[in-house]
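Asks: Kindly return the folded structure for what I paste below:
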Amino acid sequence: QVQLVESGGGSVQAGGSLRLSCAASGLTFTYYGMGWFRQAPGKEREFVAAVSRTGSQYSADSVKGRFTISRDNSKNAVYLQMNSLKPEDTAVYYCAAGGKYHTNARNLGIDNMEYWGKGTLVTVSS
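Replies: Purely as a prediction, here's the structure:
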């Protein structure tokens, strides 16, 4: 079955960096768009960044210039490099796969993700 396993979360001070990884198995990775989403306590899950199966990237305005998504098809993995972290970035971060037919990452969102990981917690202290 499809498995998405996130790693790399942790606690960091404001201004610091973290790199999240997501290892995918049980699917033809190159067919799928991949995304990172987050959910803060008491809030709804929100889009962070996505990369399409063709490599198109898109990120939320709140993280533009600070977070970078990338994928390595040879490793069936997707990454989220997070720099200049802020306390408001504190959340559980989820990796997801979906949007098989989309080549533009702008079209990838919560509604067209088919598979989800269990999440990894990122805590940013001030």
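
Asks: Let me see the contact set for Ser7.
Replies: Leu20, Ser21, Cys22, Ala23, Thr120 (C-beta atoms under 8 Å, 6 or more residues apart in numbering). Glycine gets a C-beta too; all of them are placed from N, C-alpha and C.

Asks: now do 7 Å
Replies: If you count contacts by C-beta atoms under 7 Å, 6 or more residues apart in numbering, Ser7 has them with Ser21, Thr120.

Asks: most centrally placed residue in this protein?
Replies: The C-alpha lying nearest the average C-alpha coordinate of the chain belongs to Trp36 (C-alpha atoms, centre = their mean; 1.8 Å).

Asks: Just the element for it, please.
Replies: Secondary structure assigned from DSSP states H and E places Trp36 in strand 33-39.

Asks: again, but for Arg19
Replies: Per DSSP H and E: Arg19 is located in strand 18-25.

Asks: how about that strand: buried residues?
Replies: Going by neighbour count (16 or more other C-beta atoms under 10 Å), the buried part of strand 18-25 is Leu18, Leu20, Ser21, Cys22, Ala24.

Asks: what does it contact?
Replies: Strand 18-25 is contacted by residues 3-10, 12, 36, 76-82, 85, 93, 95, 97, 117, 120, 122 when judged by C-beta under 7 Å, 6+ apart.

Asks: Give me the subset of those residues lying in strands.
Replies: 3-7, 10, 12, 36, 77-82, 93, 95, 97, 120, 122 (DSSP state E).

Asks: Just the buried residues of those.
Replies: Among those, the ones that count as buried by 16+ other C-beta under 10 Å are 4, 6, 12, 36, 77-80, 82, 93, 95, 97, 120, 122.

Asks: Output those residues in a markdown table, with distance to Gly55 and pLDDT appended to each entry.
Replies: Output for these, formatted as a markdown table (distance: C-beta to C-beta, whole Å; pLDDT from 0 to 100):
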| residue | distance to Gly55 | pLDDT |
| --- | --- | --- |
| Leu4 | 19 | 98 |
| Glu6 | 21 | 98 |
| Val12 | 28 | 98 |
| Trp36 | 16 | 98 |
| Ala77 | 14 | 98 |
| Val78 | 11 | 98 |
| Tyr79 | 13 | 98 |
| Leu80 | 15 | 98 |
| Met82 | 20 | 98 |
| Tyr93 | 21 | 98 |
| Cys95 | 17 | 98 |
| Ala97 | 15 | 98 |
| Thr120 | 24 | 98 |
| Val122 | 25 | 98 |
